[in-house]
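**Student:** sequence unknown, structure follows:
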């Protein structure tokens, strides 16, 4: 859509699949139920195939086949909303619980959601901006740049010449968060791959709280503005400016920034020094967030990062899952990191108790398992010199140990807010692994522990 006489925006290729977003809670619950039925049938067929080939079916593992993951991914990508968001989290942070084949199939949820049909998109724009919303823009590209779990992103140019991206929320997402999370929690229980002793209700409550905040784009705009102030003038990080006059509770207007997805840097033709540079920026930003800002964007989805080659800056795109960290908790993490760098198992245990990873009543076998996981996950911190993320096989080792501890020994459930911070730490290491980075992580964190 372009006004006559105005210069046109470059058009996005029209390759994205389109499907209307189911917006009623009942309709979404029915779809989740049908999805569960498809997974159950897939599990029966997987068991039958195992028997036919002379193998013994493996119970829950028959439900966690690649074929079933493809069913889940396909259904969640049309459902979108909180249900898809939880699927994304499983794909990124299920290393300790899910088979590789299952996570790989779910990984399409990070970038391949269906887009809204044009008619549904126009209804959302009309509801948020009012009748004649088109008059606000000299040009609006109806083909989205990206379609994610909660909304899709479009380029637009205002009549006064501002080049923007508009993040437009799918209809019904905000009001269906509670039911989506409850229904997905039921599905995960039924799949029976949740660890022994996991506080599902506590985690579901925290997921609902964070998702409600993510679905409020006025709140995200405030987070972005605060984050930009904390970063200040930076040679490493760029936070696109928010345009308040075009931002509503369901539409977020930001500066358009010409940059490439960070995932594109994983190509073999990208120089090692570039990948290492970007990985150092990712880890340095994490430590600034934790120890300097005490304010953290907790969603390390690669789609939330761009890289601008012109000035070698990271561009941060999503501030929905941003949280302030109490000073006492930050000091607890500082002491934990000191214990990890010293590889002092006794001190690690004490700090794990202080932070809630362990409880006084936690059994010795479970406690030992938790400490093993902490030491393994933080291996890049303990390592002296450049840590080779590509050669380390850290995700595979973490998955094997996590499965053994979670299902055989039981894991105490830490505070939900701690789980989301853990997501950021592990996710940043996964980004480094994706980039095949070789960087000295210990050297980056040491100044904050002096």
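**Tutor:** Arrived safely. It should be emphasised that the depicted structure is a prediction, and the values quoted were computed from it without experimental measurement.
**Student:** Buried residues in stretch 171-181, which are they?
**Tutor:** 171, 172, 173, 174, 176, 177, 178, 179, 180, 181 (16 or more other CB atoms under 10 Å). C-beta here means a position set from N, CA and C on the backbone, and glycine is covered the same way.
**Student:** nearest to residue 237, of the residues you listed?
**Tutor:** For the buried residues of stretch 171-181, the closest approach to residue 237 (CB to CB) belongs to residue 173, at 28.4 Å.
**Student:** so the closest one makes contact with residue 214?
**Tutor:** No. Assessed by CB atoms under 8 Å, residue 173 is found out of contact with residue 214, at 9.3 Å.
**Student:** which residues do these two both contact?
**Tutor:** residue 150 (CB atoms under 8 Å, 6 or more residues apart in numbering).
**Student:** Looking at the buried residues of stretch 171-181, which one is closest to residue 264?
**Tutor:** residue 173 (28.3 Å).
**Student:** roughly how far apart are that closest one and residue 247?
**Tutor:** Residue 173 sits 17 Å away from residue 247, going by CB to CB, to the nearest Å.
**Student:** Repeat that for residue 441.
**Tutor:** 36 Å.
**Student:** More neighbours: those two, which one.
**Tutor:** The neighbour comparison of residue 441 against residue 247 (other CB atoms under 10 Å) goes to residue 441, with 27 against 20.
**Student:** I figured that one hits residue 385, correct?
**Tutor:** No. In this structure, residue 441 is not within contact of residue 385 by CB under 8 Å, at 10.0 Å.
**Student:** what do the two both touch?
**Tutor:** Counting by CB under 8 Å, 6+ apart, nothing touches both residue 441 and residue 385.
**Student:** circling back: including pLDDT, distance to residue 317 and secondary structure, could the buried residues of stretch 171-181 go into TSV?
**Tutor:** What follows is these, written out as TSV (pLDDT from 0 to 100; distance: CB to CB, whole Å; DSSP: H, G, I helix; E, B strand; the rest coil):
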residue	pLDDT	distance to residue 317	secondary structure
171	87	22	coil
172	84	23	coil
173	82	18	coil
174	84	20	helix
176	80	24	helix
177	81	21	helix
178	83	26	helix
179	78	28	helix
180	76	23	helix
181	79	24	helix
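**Student:** Make a markdown table from those residues and add distance to residue 351 to it.
**Tutor:** What follows is those, written out as a markdown table (distance: CB to CB, whole Å):
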| residue | distance to residue 351 |
| --- | --- |
| 171 | 45 |
| 172 | 43 |
| 173 | 38 |
| 174 | 38 |
| 176 | 39 |
| 177 | 34 |
| 178 | 34 |
| 179 | 38 |
| 180 | 35 |
| 181 | 31 |
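**Student:** between the residues you listed, which is closest to residue 333?
**Tutor:** residue 181 (27.1 Å).
**Student:** Now for residue 235, how many residues are close by?
**Tutor:** Neighbour tally, residue 235, other CB under 10 Å: 9.
**Student:** give the contact list for it.
**Tutor:** Residue 235 touches 311, 312, 313, counting by CB under 8 Å, 6+ apart.
**Student:** so where do the helices sit in the stretch 251-400 of the chain?
**Tutor:** Assigned by DSSP state H, counting those that start in this stretch, the stretch 251-400 of the chain shows helices spanning 272-287, 327-342, 345-355, 364-377, 379-382, 389-392, 394-404.
**Student:** How many residues are close by the closest residue to residue 299 other than its chain neighbours?
**Tutor:** Computed as CB to CB, 6 or more residues apart in numbering, the closest residue to residue 299 that is not its neighbour in sequence is residue 321, at 4.1 Å. Counted with other CB under 10 Å, residues neighbouring residue 321 total 22.
**Student:** ditto for residue 169
**Tutor:** 24.
**Student:** ok, the contacts of residue 235 vs residue 203, which is closest?
**Tutor:** residue 313 (34.5 Å).
**Student:** My read is that the closest one contacts residue 233, right?
**Tutor:** No. The criterion here is CB under 8 Å, and residue 313 misses it with residue 233 at 11.3 Å.
**Student:** Have a look at the two and say which one is more surrounded.
**Tutor:** Taking other CB under 10 Å, residue 313 and residue 233 do not tie; residue 313 has more neighbours (19 against 4).
**Student:** Residue 350 versus the more buried one, what's the distance?
**Tutor:** Taken as CB to CB, the span from residue 313 to residue 350 is 39 Å.
**Student:** measure residue 445 to residue 297 for me?
**Tutor:** 18 Å.
**Student:** can you check residue 388 too?
**Tutor:** 27 Å.
**Student:** out of these two, which sits in the more crowded spot?
**Tutor:** Higher neighbour count among residue 388 and residue 297: residue 297, with 23 against 15, using other CB under 10 Å.
**Student:** Number of residues surrounding residue 324?
**Tutor:** Neighbours of residue 324 (other CB under 10 Å): 11.
**Student:** right, I mislabeled it, should have said residue 208
**Tutor:** Residue 208: 16 neighbours (other CB under 10 Å).
**Student:** before we move on, what about residue 272?
**Tutor:** 11.
**Student:** Excluding residues flanking it in the chain, which one is nearest it?
**Tutor:** residue 438 is the one closest to residue 272 (CB to CB, 6+ apart), at 7.1 Å.
**Student:** which residues does that neighbour bridge with?
**Tutor:** residue 388 (DSSP bridges).
**Student:** Report pLDDT for it.
**Tutor:** Residue 438 carries a pLDDT value of 98.
**Student:** Also residue 434?
**Tutor:** 91.
**Student:** Run through the residues that contact it.
**Tutor:** Neighbouring residues of residue 434 by CB under 8 Å, 6+ apart: 263, 266, 302.
**Student:** So which of those are in strands?
**Tutor:** Within the contacts of residue 434, no residue falls in strands by DSSP state E.
**Student:** quick one: which of the residues you listed is nearest residue 167?
**Tutor:** Taking the contacts of residue 434 together and measuring to residue 167 by CB to CB, the closest member is residue 302, at 17.1 Å.
**Student:** need the contact list for the closest one.
**Tutor:** So residue 302 contacts 110, 261, 262, 263, 431, 434 (CB under 8 Å, 6+ apart).
**Student:** low-scoring stretches of the stretch 301-450 of the chain, by residue?
**Tutor:** Scanning the stretch 301-450 of the chain for pLDDT under 70 picks out 399, 403, 405-414, 416-417.
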